[in-house]
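Participant: Got a sequence here, can you model it:
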Amino acid sequence: MAMPAHPVNTRRKGPAVGPMSSSTPSWTDDLPVCHLSAIGFSTNQVYRADGGREEEHEFEDRCFHFKCDDIYLYGVFDGHSGVHVADFVRQRLPVELLLGQLTDVEDDFSVKKILQQAFLTVEAAFFETIDAALAEKMKLKLQLPEGLSDYELYQNYPKEVEKLQSLDSEIIGGTSAILALIHKGKLYIASVGDSRAVLCTREPDNKLKVRQLSIDHTIDNEDEQLRLSQLNLDVAGIQQATGLYGRGLAGHPTTRSIGDYSFKGGYRDIEVLSYAASEPVIAEPEVIGGLPITGLSGFLLVFTNGLIKSIEETTDTSQLNMDIAYRVAAEFQCQSTLSGVAQQVVDKVVRNHHDTYLSGMERAQYCQKRDDITLLLRNFDYPLWSSVSPLGSSVSPLPGYNPVTVPYSPHRTETSLSLFIPSPTPPTLTHSISQTPIITGIPSVTPSSVPITQPIFVDVSNPNIPNSPSSSHTSTIESQPSSGTSTPQKYDPTHTNSTGTQGSTNSDTQSSPFLFQRLSEPRDTNSQAEPDEEGYIEPYVDFTDFMRAYEAAANEIHYSQEA
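Facilitator: Numbers count the residues shown, from 1 in each chain. Reported below is the predicted structural model:
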């Protein structure tokens, strides 16, 4: 399919960085981004004994997350032996799906066929781009004499050998590809390779249900073993073979991918694969769907094998999907953006992996290095707790994970929040919470245990009621109980209190001044410490003495250093 006439974004300058970058400008650079999704990523690293880290190769992951009209399209591509194939697929797959191919299609069978055909069309288009390189490589090989070792060839024909290596870099390489499509209220997953899609949904009992929606196309997959055996291949021998990527299909990491010409058109040059009846590595995806998502509360995770391996090498977990899901759910409780959630999950995995290597413990031997990591997160109305979330919500998205509330929210709620201005007596911290605490592990205090006092209350939720004596959720700093009822006063450091409610219990002893002088009474007698339009009140702490003490200490240090 021909590329569409579309303005190309030429504003980017400098090297491309990150999974959404591309080595060349593309029409997809101007497609609208889906803001219900986010990306977290980290480049590959090799660890050194001194704690240092360095990249083993360029970042080879690519991805996109688009919203075009009523279609949502997400893709993650885990490239290997270069980034050129992942770059190509990232730019061409949207062409096969977002130019009207799905407009009048509603049944699942037709959508699946379009997704399958998109993968095969994109790979065929990529192979067309390397036809010239394949022809030139064949011509050069015919010009070189046979029977010479690689060393002898390089010694006698260095220019030709270097040219062959350059051509090989264009020909070899491939990518795992996983696509998530939301169309007509249904979710479809199409994939080749070992990247994963995991759907996490919150059930009515508030538990998190985790389902893997993709297939790992590796030599350990029984269905893939059966497919390869039907091609007359020795599956047991292939499983024992190792290569550049370790254990796999003659050293290849997956049994399905886009690209990888050496394992497709050139598979007969590989001894263990030469007996295959047809190409052993294929680009035909397995498609799952459509899954209705209307009313769904949860999130979709699409991630590369680098995340899987990093967690397995660190923890040896047998419930990897559940582990990742709960990591994400935990970050939903303390991040204010989806990007923060996705990136924080990746950052913690990366840090744990490096820390395991430095620990020298048993699992350190598995953590010598790690691959590129990309995590794509798509939210389906899953609560994102942040500093601007409405106060008073008592719903916790996950049992065991509870949000930390904030003392003030600009949103009006039914919960009345009161601010207490204490008297200048040395304070003790007490809590009075009449509603069920959101933070677990904090015992509520019964009214009988709260010291008797007459504080000044400022009802933040209703500025028109400056002195509200009651609150459904109050956290206060209160004075020590005394005989009778204390009344907040303006603090006077030279004043001696004979009743003992302020200062020491000895009426003949002058009370010690506080470094922070609390000015409980408002400066304007007509004002009752009412909040302004933005919800703030006048400061009641005088920092004058503190600043004097700080400057004196700083001058003393300065003079001592000069001496």
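Participant: Now Tyr151: which helix or strand?
Facilitator: In this assignment (DSSP states H and E), Tyr151 forms part of helix 150-156.
Participant: What's the first helix or strand after that helix?
Facilitator: Trace forward from helix 150-156 with DSSP H and E and the next one is helix 158-171.
Participant: Could you list the buried residues of that next one?
Facilitator: For helix 158-171, the neighbour count (16 or more other CB atoms under 10 Å) marks 161, 164, 167, 170-171 as buried. Where you see a C-beta, it was placed from the backbone N, CA and C, and this is true even at glycine.
Participant: Just put those in a markdown table and tack on pLDDT and distance to Arg370.
Facilitator: Shown next, in a markdown table, are the buried residues of helix 158-171 (pLDDT from 0 to 100; distance: CB to CB, whole Å):
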| residue | pLDDT | distance to Arg370 |
| --- | --- | --- |
| Val161 | 88 | 33 |
| Leu164 | 88 | 32 |
| Leu167 | 88 | 31 |
| Glu170 | 85 | 27 |
| Ile171 | 88 | 27 |
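Participant: ok, residues contacting the helix holding Tyr151?
Facilitator: 144, 148, 160-161 (CB atoms under 8 Å, 6 or more residues apart in numbering).
Participant: Could you report the distance from Ile171 to Asp78?
Facilitator: Going from Ile171 to Asp78 by CB to CB, to the nearest Å gives 19 Å.
Participant: ugh, wrong one, Leu233
Facilitator: Counting by CB to CB, the gap from Leu233 to Asp78 is 24 Å.
Participant: What is the nearest of the buried residues of helix 158-171 to Ser37?
Facilitator: For the buried residues of helix 158-171, the minimum distance to Ser37 (CB to CB) is 32.5 Å, reached by Glu170.
Participant: Helix or strand for Ile288, just tell me which one.
Facilitator: Going by DSSP H and E, Ile288 is part of strand 286-292.
Participant: In stretch 44-54, which of the residues would be classed as buried?
Facilitator: 44-45, 47.
Participant: Redo the residues you listed as TSV? Include pLDDT.
Facilitator: Shown next, in TSV, are the buried residues of stretch 44-54 (pLDDT from 0 to 100):
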residue	pLDDT
Asn44	96
Gln45	95
Tyr47	95
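Participant: tell me the contacts of Ser169?
Facilitator: Counting by CB under 8 Å, 6+ apart, Ser169 has contacts Gly82.
Participant: Report the separation between it and Arg62.
Facilitator: Ser169 is 18 Å from Arg62, by CB to CB.
Participant: swap in Lys137?
Facilitator: From Lys137 to Arg62 the distance is 26 Å (CB to CB).
Participant: ditto for Glu222
Facilitator: Taken as CB to CB, the span from Glu222 to Arg62 is 30 Å.
Participant: So those two - more neighbours on which side?
Facilitator: Neighbour totals were compared for Glu222 and Arg62, and Arg62 leads with 30 against 7 (other CB atoms under 10 Å).
Participant: mind listing what's buried in whichever strand or helix holds that one?
Facilitator: For Arg62, the element it lies in under DSSP H and E is strand 61-68. Under the neighbour-count criterion of 16+ other CB under 10 Å, strand 61-68 has 61-67 buried.
Participant: For Ala364, state which of these is nearest.
Facilitator: Nearest member of the buried residues of strand 61-68 to Ala364, counting by CB to CB, is Asp61, at 25.4 Å.
Participant: which ones are touching that closest one?
Facilitator: 19, 41, 76-79, 86, 304, 306, 372-374.
Participant: Next, Phe380: phi, psi?
Facilitator: phi -120, psi 80 (degrees, to the nearest 10).
Participant: Check Gly51 too.
Facilitator: phi 100, psi -10.
Participant: okay, and for the stretch 101-250 of the chain, where does confidence drop off?
Facilitator: For the stretch 101-250 of the chain, residues meeting the criterion pLDDT under 70 lie at 241-248, 250.
Participant: quick one, helices of it?
Facilitator: Under the criterion DSSP state H, counting those that start in this stretch, helices of the stretch 101-250 of the chain are mapped to 108-129, 131-143, 150-156, 158-171, 222-229, 235-240.
Participant: right, so those helices: which one is the most enclosed?
Facilitator: Greatest average neighbour count among the helices of the stretch 101-250 of the chain goes to helix 108-129 (a mean of 17), per mean count of other CB atoms under 10 Å.
Participant: got the buried residues of strand 61-68 as JSON lines, with distance to Ser195 and pLDDT columns?
Facilitator: Output for these, formatted as JSON lines (distance: CB to CB, whole Å; pLDDT from 0 to 100):
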{"residue": "Asp61", "distance to Ser195": "9", "pLDDT": "96"}
{"residue": "Arg62", "distance to Ser195": "11", "pLDDT": "95"}
{"residue": "Cys63", "distance to Ser195": "10", "pLDDT": "95"}
{"residue": "Phe64", "distance to Ser195": "14", "pLDDT": "96"}
{"residue": "His65", "distance to Ser195": "15", "pLDDT": "96"}
{"residue": "Phe66", "distance to Ser195": "18", "pLDDT": "96"}
{"residue": "Lys67", "distance to Ser195": "21", "pLDDT": "95"}
